[in-house]
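build me a model:
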Amino acid sequence: MGGSARRPARPAVTELRLSAFAAHRAAVHPLGPVTLFAGASGSGKSSALRAYEALARLGAGDDLATAFPDAADCVPERARPDAQGRRGFRIGCTVDGPVGPVHLDIAVQAEPRLRIVGERLTCRGRTLLTTALRDPGRDAVQAEWHTAGATPVTRAPFPDDLLGTALLPLRVAGKTKGQLEVLAAAEQVVVALRSVFVCDPRPDRMRAPVPAGEGRLLRGCDNLAEVLHRTRTECPRRHARLASVADAGCAGTVTGLGVEELPDGRVRAVLERVARGRVGLERPGLERPGSEHVVLERPASERAALAGAGAGTVQVAGPGPTVTPLGRLGDGELRYLALALVLLTGPGVLAMDQLAEVPDAMRTLTVLADGWDRGLDRRQLRELLSLATTICANGHIRLVGTVGETAAASARETPGVSIVDLVR
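Alright, predicted model coming up:
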């Protein structure tokens with residue numbers, strides 16, 4: 001079998017380079033299907049993910065100020081300014097895919113003015129794009145890209161606040177073999193960087209009912225109930241699997257995840273479970289064979305009253321079914337459910353850059369989760385890691401997160417998890 005046949009069909013970032021960024025110096029971190037950065041506080045776990053997210057933003061077309069709102073804090077602490085008072089940082093990544101490994105590196109000037117002062121795109125030892133700051137007085141860099149036609153390279157000015165690689169599909173004609181090579185490499189990088197979803201579940205924002213909408217999960221998972229309302233009808237198999245995952249990580253015996261449509265048009269997610277003596281909100285019209293407790297259908301006015309503020313739960317006698325609003329769950333349970341939902345869905349259910357020109361089957365979703373283990377107990381962490389390794393094994397989803405030292409010890413015992421140990 002030839003080498004090209006073994007290349008990944010879907011582009012994915014397989015290496016993160018932090019040449020000079022915040023606390024990192026000359027750091028090269030390989031990224032697998034499930035990669036967790038571990039280390040003590042202050043070792044640079046969060047800043048590594050911050051660099052990855054910034055590259056993703058640049059790949060999606062965001063300007064430098066949007067990608068690095070805190071650019072001065074990204075400069076290595078002991079970096080000294082040059083004679084012109086300039087300081088900055090350097091980061092990069094490798095994207096593997098159909099054309100082979102493509103390397104992208106950028107140099108950013110953070111002080112006294114934010115701008116990209118250099119960019120390099122290479123593949124198979126050939127430089128496909130370089131940019132350099134020639135005139136500090138202009139808002140542009142000089143770009144050169146491989147042509148291999150009548151002239152070996154093409155030159156043109158590029159804005160100094162945008163990623164040149166993301167601009168190439170708009171600038172390169174694709175008439176020569178060299179231009180086609182440049183386009184293929186640039187598109188591979190852009191597709192991988194645009195397929196990133198940053199997830200930071202915020203339990204304090206997930207408790208209240210939310211309006212029913214298109215059902216795309218937000219970064220903070222504020223609209224968890226809205227997304228469950230969508231997946232329950234559009235993705236019944238995934239929804240059922242999420243309920244099974246909930247049973248493994250939430251208190252009591254979970255039998256399902258439901259969504260209540262409230263009279264004011266909002267929706268509220270509920271956890272259906274069977275637990276003797278547990279307090280919950282009765283689900284109208286629910287009857288389970290063999291149960292000692294049957295919940296009869298309630299009038300609409302009474303259901304609305306139960307759903308209102310201050311009428312959160314009723315006591316269920318015996319081992320019958322109970323329905324608990326997700327707002328009554330603990331922070332760890334809510335984070336656990338949100339992270340599991342992200343792993344079980346795809347780009348079409350997440351509030352992220354939608355690539356209409358690239359089918360979902362031809363892209364790899366990468367989930368970035370800083371503080372992956374925050375609020376989780378050992379059982380929840382174990383179940384999520386098991387789910388992540390199973391889901392990410394097929395190549396459609398990858399996970400890059402950060403964990404504390406305690407969670408890292410558990411993660412090392414999970415096959416399929418790569419740990420990147422950082423030291424201060």
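
where does the prediction get shaky in the stretch 301-424 of the chain?
Low-confidence segments of the stretch 301-424 of the chain (pLDDT under 70): 301-320.

which stretches in it count as strands?
314-315, 321-325, 365-369, 397-403, 418-421 (DSSP state E, counting those that start in this stretch).

if I look at A67, how far off is V417?
According to C-beta to C-beta, to the nearest Å, A67 and V417 sit 28 Å apart. Backbone N, C-alpha and C define where each C-beta goes, glycine included.

circling back: nearest to L168, out of the strands of the stretch 301-424 of the chain?
L168 lies closest, by C-beta to C-beta, to one member of the strands of the stretch 301-424 of the chain: strand 365-369, at 21.5 Å.

could I get the closest one in PDB with only the CA atoms?
Output for strand 365-369, consisting of C-alpha atoms alone and laid out as PDB, is shown next (Å, rounded to 0.1, in the frame of the first residue of the first chain):
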ATOM      1  CA  LEU A 365     -14.600  18.200  14.700                       C
ATOM      2  CA  THR A 366     -12.100  19.200  17.400                       C
ATOM      3  CA  VAL A 367     -13.500  20.000  20.800                       C
ATOM      4  CA  LEU A 368     -11.400  22.300  23.000                       C
ATOM      5  CA  ALA A 369     -12.200  22.000  26.700                       C
END
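
what about H146, neighbour count?
24 (other C-beta atoms under 10 Å).

tell me what it is bridged to.
With DSSP bridges applied, the residues forming beta bridges to H146 are V153.

next one, pLDDT for the closest residue in space to E111 that isn't next to it in sequence please.
Ranked by C-beta to C-beta, 6 or more residues apart in numbering and with sequence neighbours excluded, the top spatial neighbour of E111 is R87, at 4.6 Å. Residue-level confidence at R87 comes out at 96, pLDDT.

then T130?
Confidence for T130, expressed as pLDDT, is 98.

now do the helices in the chain.
Counting by DSSP state H, the segments of the chain that form helices are 45-59, 64-67, 71-74, 164-171, 177-194, 203-206, 224-234, 236-249, 300-307, 331-344, 378-392, 405-411.

same list, those, but as a markdown table with distance to H103 and mean neighbour count please.
Putting these into a markdown table (distance: least, C-beta to C-beta, whole Å; neighbours: other C-beta atoms under 10 Å) gives the following:
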| stretch | distance to H103 | mean neighbour count |
| --- | --- | --- |
| helix 45-59 | 12 | 23 |
| helix 64-67 | 19 | 18 |
| helix 71-74 | 20 | 16 |
| helix 164-171 | 11 | 19 |
| helix 177-194 | 9 | 22 |
| helix 203-206 | 38 | 18 |
| helix 224-234 | 36 | 21 |
| helix 236-249 | 36 | 18 |
| helix 300-307 | 55 | 14 |
| helix 331-344 | 29 | 23 |
| helix 378-392 | 23 | 19 |
| helix 405-411 | 28 | 16 |
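
out of those helices, the one nearest P98 is which?
When these are compared by C-beta to C-beta, helix 177-194 sits nearest P98, at 6.8 Å.

which strands and helices lie in contact with the closest one?
In this structure, helix 177-194 packs against strand 12-21, helix 45-59, strand 87-96, strand 102-111, strand 115-123, strand 126-132, strand 140-146, helix 164-171, with contacts taken as 3 or more C-beta pairs under 8 Å, 6 or more residues apart in numbering; DSSP states H and E.

nearest to D247, out of the ones you listed?
helix 45-59 (30.3 Å).

export the closest one as PDB, just CAs?
Output of helix 45-59 as PDB, limited to C-alpha atoms (Å, rounded to 0.1, in the frame of the first residue of the first chain):
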ATOM      1  CA  LYS A  45      -2.200  24.400  30.300                       C
ATOM      2  CA  SER A  46      -4.800  27.100  29.600                       C
ATOM      3  CA  SER A  47      -2.400  29.100  27.500                       C
ATOM      4  CA  ALA A  48      -1.800  26.100  25.200                       C
ATOM      5  CA  LEU A  49      -5.500  25.900  24.500                       C
ATOM      6  CA  ARG A  50      -5.600  29.700  24.100                       C
ATOM      7  CA  ALA A  51      -3.000  29.400  21.300                       C
ATOM      8  CA  TYR A  52      -5.000  26.600  19.600                       C
ATOM      9  CA  GLU A  53      -8.200  28.600  19.800                       C
ATOM     10  CA  ALA A  54      -6.500  31.700  18.400                       C
ATOM     11  CA  LEU A  55      -5.200  29.800  15.400                       C
ATOM     12  CA  ALA A  56      -8.800  28.500  14.900                       C
ATOM     13  CA  ARG A  57     -10.100  32.000  14.900                       C
ATOM     14  CA  LEU A  58      -7.500  33.200  12.400                       C
ATOM     15  CA  GLY A  59      -8.300  30.200  10.200                       C
END
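
the inter-axis angle of that helix versus helix 164-171?
Computed with axes from the mean of the first three to the mean of the last three C-alpha atoms, to 10 degrees, the direction of helix 45-59 lies at 10 degrees from that of helix 164-171.

now the angle from helix 45-59 to strand 12-21?
Comparing the axes of helix 45-59 and strand 12-21 via the same axes, to 10 degrees yields an angle of 110 degrees.

what's the end-to-end length of stretch 368-376?
Its start and end residues considered, stretch 368-376 measures 17 Å (C-alpha to C-alpha, to the nearest Å).

for stretch 398-409, that is, sorry about that
Using C-alpha to C-alpha, the span of stretch 398-409 from its first residue to its last is 21 Å.

pull the residues that contact that stretch.
By C-beta atoms under 8 Å, 6 or more residues apart in numbering, the list of residues contacting stretch 398-409 from outside reads 12-13, 31-40, 45-46, 48-49, 52, 343, 364-373, 376, 381, 388, 392, 411, 419, 421.

and these, which are buried?
Of the members of these, the ones counted as buried by neighbours, 16 or more other C-beta atoms under 10 Å, are 12-13, 31-39, 45-46, 48-49, 52, 343, 364-373, 376, 381, 388, 392, 411, 419.
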